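A.B. asks: Using only what follows, build the 3D model:
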Amino acid sequence: MTDAKTGRRNALTTISMGAVAALFATPAMATDADKSNRDNPAHEKKIITLVTDFCLAWNSKDVEKIIPFVSPEIEYHMFEGAPSIKGVEQFRQRLGGFMSGMKEIKWEIFRSHAIGDIVLNERIDHFIQAPGSGKPDNHFHIAGVFLVRGEKIVYWKDYNMPAKA
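C.D. replies: Sure, this is the predicted structure:
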């Protein structure tokens, strides 16, 4: 029998490794130049910082503060089964109104790891609704996968973590 912490770690590892395998298996995503970033601790530290700063920028509730972190060709999968958001303009339109309508957004990052051009992070995204909205606050335990190229996030997918037992 596993405890909640071990179960959470195993779930994050399984989700993350599957996502990494899918990214590496996509030939259009990888180039010879990208291979030079594998086993490059300085590069990995740099992209972890980029993704961390991107996540923390969400706390501003201002989509224009997160746009500089993403590629014009960003592809974002918000959650399993959701249609992807493609391109910076669609990203801006879909997320701008959502963000500005919140009383507060706070993302807690527990840990981040890089493998070449990929950053995996575990976090809880807190979305606090504006007073009188009639909507509940939301708190999502997330495993995020980010592909970084040319100092921009080009691909991002979030996976909801299983609920604690």
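
A.B. asks: got the contact list for the most centrally placed residue in the chain?
C.D. replies: Geometric centre of the chain, nearest residue: residue 144, 3.9 Å, by Cα atoms, centre = their mean. Residues in contact with residue 144 (Cβ atoms under 8 Å, 6 or more residues apart in numbering) are 51, 55, 119-123, 156-159. Every C-beta, even on glycine, is put in place using the N, C-alpha and C of the backbone.

A.B. asks: cool, residue 100 as well?
C.D. replies: 61-63.

A.B. asks: Any chance of JSON lines for those residues, columns secondary structure, distance to residue 107 and pLDDT?
C.D. replies: Shown next, in JSON lines, are those (DSSP: H, G, I helix; E, B strand; the rest coil; distance: Cβ to Cβ, whole Å; pLDDT from 0 to 100):
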{"residue": "61", "secondary structure": "coil", "distance to residue 107": "11", "pLDDT": "95"}
{"residue": "62", "secondary structure": "coil", "distance to residue 107": "14", "pLDDT": "95"}
{"residue": "63", "secondary structure": "helix", "distance to residue 107": "14", "pLDDT": "96"}
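
A.B. asks: Tell me the buried residues within the residues you listed.
C.D. replies: The neighbour-count test (16 or more other Cβ atoms under 10 Å) marks 61, 63 as buried among those.

A.B. asks: Okay, buried residues for stretch 150-165 please.
C.D. replies: 152-159, 161.

A.B. asks: gap between the longest strand seen in the chain and the chain center?
C.D. replies: When the chain is parsed with DSSP state E, its longest strand is strand 102-115. Taking Cα atoms, centre = their mean, to the nearest Å, the mean C-alpha location of strand 102-115 is offset from the chain mean by 8 Å.

A.B. asks: again, but for stretch 131-146
C.D. replies: For stretch 131-146, the distance to the chain centre is 14 Å (Cα atoms, centre = their mean).

A.B. asks: Equivalent analysis for stretch 120-134, please.
C.D. replies: Per Cα atoms, centre = their mean, the centroid offset for stretch 120-134 relative to its chain is 14 Å.

A.B. asks: quick one: contacts of that stretch?
C.D. replies: Applying Cβ under 8 Å, 6+ apart, the external contacts of stretch 120-134 come out as 12, 16, 19-20, 51-52, 55, 58, 101-114, 135-146, 161.

A.B. asks: Can I have the buried ones of these as a PyMOL selection?
C.D. replies: Buried subset of the contacts of stretch 120-134, written as a PyMOL selection, criterion 16+ other Cβ under 10 Å:
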select buried, resi 12+16+19+20+51+52+55+58+102+105+107+109+112+114+141+142+143+144+145+146+161
